[in-house]
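Novice: give the three-dimensional model of this entry:
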Amino acid sequence: MAYPVKNISISIDKSADKVYQFASSPENFPLWVEFIKSMTKETENLWLAETDLGNIKIQFVPKNEFGIIDHLVILPDTSTVNNSMRVIDNGTGSELVFTLFWMPNRTEEEFNQDAKLVEKDLTKIKTILETK
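Specialist: Numbers count the residues shown, from 1 in each chain. Coordinates of the predicted model:
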């Protein structure tokens, strides 16, 4: 069964390269992902995050030239959420796109709340990058 998805994007008035460099650096996540308090590197692509949900692990795809920032989030109960993110050229700026999956056992209200949280995080990264 395919899950319903919502692609959430924001235009950022910075080059895709600059957005990718900032957004793909796990140590920057606490600056723009609201529920993450701190990040500690465990291995090259695996990080431990202190969050409002407890400690979680986040496994990132290796740095790449395609703007891909996909990452697996391993929750305290060991369930895993696949988060797909991309940075795409858009003229002299870029688009940061997050694909939110409606996961099993989530209500429509919870899915919509998750979407609002993602929108808030993307707005925060836009503000950070455009004021640098």
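
Novice: so what's the residue count around S25?
Specialist: A total of 14 residues lie near S25 under the criterion other C-beta atoms under 10 Å. The way it works is simple: take the backbone N, C-alpha and C, and place the C-beta from them, glycine included.

Novice: and it, how far is that from V33?
Specialist: 12 Å (C-beta to C-beta, to the nearest Å).

Novice: quick one: contacts of the longest strand along the chain?
Specialist: As assigned by DSSP state E, the longest strand anywhere in the chain is strand 80-90. Applying C-beta atoms under 8 Å, 6 or more residues apart in numbering, the contact partners of strand 80-90 are 11, 15-16, 19-20, 23-24, 66-75, 94-99, 101, 103.

Novice: buried ones in it?
Specialist: Residues N83, S84, M85, R86, V87, N90 are the ones in strand 80-90 that count as buried (16 or more other C-beta atoms under 10 Å).

Novice: give me the nearest residue to the fifth one, chain neighbours excluded.
Specialist: For V87, the nearest residue in space outside its immediate sequence neighbours is G67; the separation is 3.8 Å by C-beta to C-beta, 6 or more residues apart in numbering.

Novice: check F29 too.
Specialist: In this structure, F29 finds its nearest non-sequential neighbour in I36, 4.9 Å apart by C-beta to C-beta, 6+ apart.

Novice: which residues touch the one you found?
Specialist: For I36, the contacting residues are F29, P30, A49, E50, T51, by C-beta under 8 Å, 6+ apart.
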